[in-house]
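**Q** Kindly generate the corresponding structure for this input.
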Amino acid sequence: TYKWYTAASGGSLLHTGAAYTTAALTNTTSFYVDVTSDAGCVSVSRTAVTVTVNTLPEITGTVTAICMSTTTDFTASGTAATSNPWRSSNTNIATVSAGLVTGISAGTVTITYTDINGCEANRSLEILALPSTSLITVSPLTETVCTNTPITYTMPASTYPNPYDWEAPANSTGYVLKSGSITASNPEITLEWPTTGTKTLYLRYRGDNGCWSPVKTVSKIVELTPTATVVASAASICSGSNAGFVITGSAGAVVTYQLTGISGTATTTLTGGSSTITVTGAVASQTITLVSVSLNDCTEALSSTASVIVNKVPDQPSAIVGDITVCAQASETYSVIDERVNGKDVTSWTWQLPAGWTGSSTDHTINVVASAVAGSGTITVTANNACGASVPRTIDVTVVSSGQLLSPSFTINAVEQCLSVNAFIFTNT
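**A** Residues are numbered from 1 along each chain as shown. All right, here's what the predicted structure looks like:
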């Protein structure tokens, strides 16, 4: 029979039996056992059994959670076991090497440290999920945009203080900020790029749990916004001449335009940065309106116009006003209506007189002196402008000599009449 005591002699009996399970020990303790044979003989002395109690290791630090893709470094007391002193309860959630823990996926793991005595310390650690970059939005969505096109970048709301991080690499710093501010507290900006090329912004934000989202790289291919303007080759032309318009703008751009009196639109390419549109034999004033200009993937609406006024020769002058029978060497005046007061394009008049008549004028009125010789002739006048002369207007005139003038001869119906009753009637004979 085996008996367990607290001392080598005397002491308290703790247990009887070949095996003895102690209470939890906190210090190194010795136990003493003797044996009694079946014959009742007791061993001369008690055998000492010493249980060495080692101090439990401790994992230092107060970290209880880290974000995915980040690390924390644990240290522990005591001498580490020579083989695999650090372990993770789930390496799909976190890994650990020499105390450095790396978050892999969201969840909770237990990190265990074993010292050289085989004693262990445990630490529970939560791995926090990262915010989603899908919540970072960009408008417009197209990869290609045009210069000076507003682009809006928006990051989601977060309760974490100053949660926003904006970064532009060196080749993307020439933007023009239209609204918002690139600060840690601002979730949205709108900007434009005035130059072409690939422009990139790096965006990330902290979620409510304090974890940074992965960096979202947003690149836009910025192409030139084309331009185009139009002028008339000449402000005015004569009817039947060619009306010309010159369109200038971005080289290689395609311009859509519309001409007066022509249904639908037409296009022209600005080869070398210009193109000439010609209306052949124009008989009415022409206006061109630019509708749009396109280059690569960029199209810009336009509204510029240019006009060419088409002038025609003046209309035939009005009937000539003046005497048709005149005395030799008499002074007379002839005229037509001054169409300038009616807005007509008349710059001068050309008068032609019969032989022997004198007088000149470039106006709508002419003062003349008839010839000294009796006879008939024609006065002719045309209206003029930069485009030419009108159809002529004529009047036939007759010059009579004084010897040809006849004395008048009359008859009368009565030599006497009652007062206020009948009229006298004179008849030229």
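
**Q** which residues does the residue lying closest to Gly264 once chain neighbours are set aside contact?
**A** In this structure, Gly264 finds its nearest non-sequential neighbour in Gln258, 7.5 Å apart by Cβ to Cβ, 6 or more residues apart in numbering. Using the backbone N, CA and C atoms, a C-beta is placed for each residue, glycine as well. Counting by Cβ atoms under 8 Å, 6 or more residues apart in numbering, Gln258 touches Gly264, Thr265, Ala266, Ile288, Thr289, Val291.

**Q** tell me which element Gln258 is part of?
**A** strand 254-259 (DSSP states H and E).

**Q** in its sheet, what does that strand sit against?
**A** Strand 254-259 has the following sheet partners, assigned by DSSP bridges: strand 266-269 (antiparallel), strand 286-295 (antiparallel).

**Q** Check the gap between the residue nearest to Arg340 when sequence neighbours are not counted and Asn92 for me.
**A** Leaving aside its sequence neighbours, Arg340 sits nearest to Val346 (Cβ to Cβ, 6+ apart; 5.5 Å). Look at Val346 and Asn92: by Cβ to Cβ, to the nearest Å, they are 98 Å apart.

**Q** isn't Thr195 right next to Val176, touching?
**A** No: look at Thr195 against Val176 with Cβ atoms under 8 Å: they stay out of range, at 10.2 Å.

**Q** Next up, the contacts around Val313.
**A** Contacts for Val313 (Cβ under 8 Å, 6+ apart) come out as Cys238, Ser239, Asn385, Cys387, Gly388, Ala389, Ser390.

**Q** Who wins on neighbours among these?
**A** Per-residue neighbour counts (other Cβ atoms under 10 Å) across those peak at Ser390, which has 21 neighbours.

**Q** Pull the number of nearby residues for the residue nearest to Thr112 when sequence neighbours are not counted.
**A** Distances taken as Cβ to Cβ, 6+ apart place Arg87 nearest to Thr112, at 4.6 Å, with adjacent residues excluded. Look at Arg87: counted by other Cβ under 10 Å, it has 15 neighbours.

**Q** check contacts around Arg87.
**A** Neighbour list for Arg87: Val96, Ile111, Thr112, Thr114 [criterion: Cβ under 8 Å, 6+ apart].

**Q** any idea which of those is closest to Cys41?
**A** Checking the contacts of Arg87 against Cys41 by Cβ to Cβ gives Thr114 as the nearest, at 45.8 Å.

**Q** Among the contacts of Arg87, which one has the most neighbours?
**A** Within those, Val96 tops the neighbour count with 24 neighbours, counted by other Cβ under 10 Å.

**Q** Can you name the residues bridging to that one?
**A** Once the bridges are assigned, which here means DSSP bridges, Val96 pairs with Val101.
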